[in-house]
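Engineer: here is my input, please return the structure:
(chains A and B)
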Protein chains: 2
Amino acid sequence: MKLVKVYVTLKESVLDAQGEAIKSAIQTMGYNQISDVHMGKYFELKFENDYANLEKDVDLICDDLLANPNVETYRYEILEGE
Amino acid sequence: MKLVKVYVTLKESVLDAQGEAIKSAIQTMGYNQISDVHMGKYFELKFENDYANLEKDVDLICDDLLANPNVETYRYEILEGE
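Structural biologist: Take a look at the predicted model:
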């Protein structure tokens, strides 16, 4: 089994309004050391078997479904599942 | 600077409806090797300085703001930022 962990975040050039709101909230809570917050999405995909095209398929799944290529970027890591 | 990466996911006992929907979508796209999908939230918190209570503060921020302790669980890693 393969476990793929996908992290989808906004591109650097796109305003992360949620992140800004969370930063303000954290500062309001009194944690003034916080300097920046970014929010994104996290996916765990489990594949039954390893196969040659896994990486290509994950790229396609991210491009076509998990991330919005206009404003988001993604990275992933493929791990050996139990 | 310290970079804290926080991963918030639903507890195992809670139905991950979004994950199930994404799994169906991926299968419909023809990737039948997919066996499970979980969706969560991902946060990057930047702190200006390292300090003794950082880990305690991150726990409080997660418990009180980033995660819903009723249905979600979180984990994080603290990295040396540039």
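
Engineer: just checking: what are the partner strands of the longest strand seen in chain A?
Structural biologist: Ranked by residue count under DSSP state E, the longest strand found in chain A is strand A:34-47. Partners of strand A:34-47 in the sheet, by DSSP bridges, are strand A:2-10 (antiparallel), strand B:34-47 (antiparallel).

Engineer: so which bits of chain A are right by chain B?
Structural biologist: Contact residues, chain A versus chain B (CB under 8 Å from any CB of the partner chain): A:1, A:7-9, A:19, A:22, A:25-26, A:29, A:31, A:33-49, A:51, A:57, A:60-61, A:64-66. C-beta coordinates here come from the backbone N, C-alpha and C atoms, glycine included.

Engineer: in stretch A:50-61, what's buried?
Structural biologist: Going by neighbour count (16 or more other CB atoms under 10 Å in any protein chain shown), the buried part of stretch A:50-61 is A:L54, A:D57, A:V58, A:I61.

Engineer: then stretch A:64-76?
Structural biologist: Quick answer for stretch A:64-76 (16+ other CB under 10 Å): A:L66, A:A67, A:E72, A:T73, A:Y74, A:Y76.

Engineer: where in chain A is pLDDT low?
Structural biologist: For chain A, residues meeting the criterion pLDDT under 70 lie at A:82.
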